[in-house]
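Chemist: Dropping the sequence and predicted coords here.
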Amino acid sequence: MRNCIRSAKGKIDAGAFIGGLAVGGVVATGAFMAGEHHDAAREGLLNPATPSASASVSASASKGVPILGMAENTISDITAKVSDSVVNIDTRRSITVPTQMDPFQGFFFGPGMGMDMPQQHPRRFEQKGTGSGVIFRADGYILTNNHVVGNADEIEVTLNDKRKFKGKVVGRDDFTDLALVKVDGNNLPAATFGTSGNLRSGDWAIAIGSPLGLDHTVTLGIISALNRSVENKINNVDLIQTDAAINPGNSGGPLLNIHGEVIGITTAIRGDGQNIGFAIPVDVAKDVAQQLLNNGTIARPYVGVYMQDINAQLAKSLGLPENIKGVLVSGCKPGSPADQAGLAQADVIEKMDGVSVSTSKELQSLVRKHKPGDSVTVLVARGTGLSPVTIKVGQFPKKRDE
């Protein structure tokens, strides 16, 4: 399902986002996926027995709010513990570009001139890229971004101890920009994966990755905001926004909390601003990685309805009550589950599974809680009455434009 209206949760204009740095030395401006392309665990981190590594808690004089103070070595202790779980990913891709004939050649040496046309050969280039990743499992599975490895012919994974492995993509998901890479290694230092469900704006955030190829670079910031989306890029996921410095090459690396747990996978930056970066929440990343590990693909629910948020002006133009709450059906994909269930243009979905919805984003979130094959019931305002409609959830089409 698609939402064409700006989300109240903070949708970012897609016009400023592009996919990395371009081939051939042309540097892209605006904002871009934080992968670089160019040519040719809580224990032991805050030890109360050690003053230099301890966290002090004091009470605010005005509000009595406990304040956690970081000790001098807190970030360095986290870095020492987690860095072995962060990898550098180098990719190579062969690109063939057809050679265009000089139009004057065709004029002087074309048919009827008594000379054969010079044979044109395609030109081949090698595109190189650099990104980051985090060890998902000790038996050689690496979690990274799809845009880092998705089109690569060769993948080389370098560990913090400088061991190198050839990597192979075992599954990738363009929908969330995540991919799982397998290397022939065992007993690798897997990262500790936390949860993104309890994050708050203002929480500490640490990024580790390979910006511009400078492997295992550490930057510190905070969680700037939650529930961000990047329209037409990663508008399918509520992203974490952080001001921890992220640059081309950081893509696929971990975003950590103050306990050294992975809370996100860095994926994009806003290039026309400063310190505006985005990460995929770890709860999403863990679920996608496990499905890719088990099945190689993602069983993603699909209804096939095009939606539009309703405001007072739109409601008035459609002859609806100005205070109506719900999501407008602007159309259904022919043959989709919504189409087969009888949803129609101008229907207003007020509830799904008994839960009231007022934005397309809320409706999407409810659909994503289901699996293909499940049945969902929506309450639809149609004409002057309300009608329940049961939809059998389908499998999301392989092509994203479907």
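Modeler: Good, I have the coordinates.

Chemist: Where does the prediction get shaky in this protein?
Modeler: Flagging of the chain using pLDDT under 70 yields the residue ranges 1-70, 99-121, 231-235, 399-402.

Chemist: can you give me the helices for it?
Modeler: Ranges of helices in the chain, per DSSP state H, are 74-82, 103-109, 146-149, 282-295, 312-317, 337-341, 360-367.

Chemist: any chance of those in a markdown table, with distance to Gly197 too?
Modeler: Any C-beta I mention is one placed from the backbone N, CA and C, and that applies to glycine too. A markdown table is the format used below for these (distance: least, C-beta to C-beta, whole Å):
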| stretch | distance to Gly197 |
| --- | --- |
| helix 74-82 | 20 |
| helix 103-109 | 61 |
| helix 146-149 | 23 |
| helix 282-295 | 6 |
| helix 312-317 | 34 |
| helix 337-341 | 29 |
| helix 360-367 | 13 |
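
Chemist: In contact with Asp173, which residues?
Modeler: Remark: with contacts taken as C-beta atoms under 8 Å, 6 or more residues apart in numbering, Asp173 is in contact with 146, 179, 288, 292, 298.

Chemist: Out of these, the closest to Asp272 would be?
Modeler: Each of those was checked against Asp272 using C-beta to C-beta; the closest is Asn146, at 23.7 Å.

Chemist: Looks like the closest one contacts Leu180 (just checking).
Modeler: No. At 9.7 Å, Asn146 does not count as touching Leu180 under the criterion of C-beta atoms under 8 Å.

Chemist: Now do the shared contacts for the two.
Modeler: In contact with both Asn146 and Leu180: Arg172, using C-beta under 8 Å, 6+ apart.

Chemist: And the helices of the chain: which comes nearest Gly252?
Modeler: With C-beta to C-beta as the yardstick, what comes closest out of the helices of the chain is helix 146-149 (4.8 Å).

Chemist: still on that earlier bit, out of the contacts of Asp173, which end up buried?
Modeler: Buried members of those, counted by 16 or more other C-beta atoms under 10 Å: 146, 179, 288, 292, 298.

Chemist: Redo those residues as CSV? Include distance to Gly249.
Modeler: CSV is the format used below for the buried ones among the contacts of Asp173 (distance: C-beta to C-beta, whole Å):
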residue, distance to Gly249
Asn146, 16
Ala179, 16
Val288, 22
Leu292, 23
Ile298, 26
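
Chemist: quick one: which of those is nearest Lys166?
Modeler: Nearest to Lys166 among the buried ones among the contacts of Asp173, with distances taken as C-beta to C-beta, is Ala179, at 15.5 Å.

Chemist: Contact partners for the closest one?
Modeler: 143-146, 148-150, 169, 171-173, 292.

Chemist: change it to 7 Å
Modeler: 144-146, 149-150, 169, 171-172 (C-beta atoms under 7 Å, 6 or more residues apart in numbering).

Chemist: same check, this time on Lys182
Modeler: Contacts of Lys182 (C-beta under 7 Å, 6+ apart): 140-141, 167-168, 170.

Chemist: is the closest residue to Lys168 other than its chain neighbours in a bridge, and if so with what?
Modeler: Counting by C-beta to C-beta, 6 or more residues apart in numbering, Lys182 is the residue found nearest to Lys168 once chain neighbours are left out, at 5.2 Å. Assessed by DSSP bridges, Lys182 has beta-bridge partners Tyr141, Lys168.

Chemist: what does Thr266 give?
Modeler: Ala279.

Chemist: before we move on, the earlier item: ok, which pair from the contacts of Ala179 is furthest apart?
Modeler: Spanning the widest gap among the contacts of Ala179 are Asn145 and Gly171, at 13.1 Å by C-beta to C-beta.

Chemist: who has more neighbours, those two?
Modeler: Here Asn145 and Gly171 are compared on neighbour count by other C-beta atoms under 10 Å; more neighbours surround Asn145, at 29 against 21.

Chemist: From Asp177, how far out is that one?
Modeler: 5 Å (C-beta to C-beta, to the nearest Å).

Chemist: same deal with Arg124?
Modeler: 28 Å.

Chemist: Neighbour count for these two, which is higher?
Modeler: Asp177 (28 against 9).

Chemist: State the number of residues packed around His370.
Modeler: 17.

Chemist: Let me fix that, I meant to ask about Ala344.
Modeler: Count around Ala344 with other C-beta under 10 Å applied: 14.

Chemist: Same question for Ile258.
Modeler: 20.

Chemist: Mind listing the residues bridging to the closest residue in space to it that isn't next to it in sequence?
Modeler: Nearest non-adjacent residue to Ile258, counting by C-beta to C-beta, 6+ apart: Trp204, 4.4 Å away. Note on Trp204: beta-bridge partners by DSSP bridges are Ile222.
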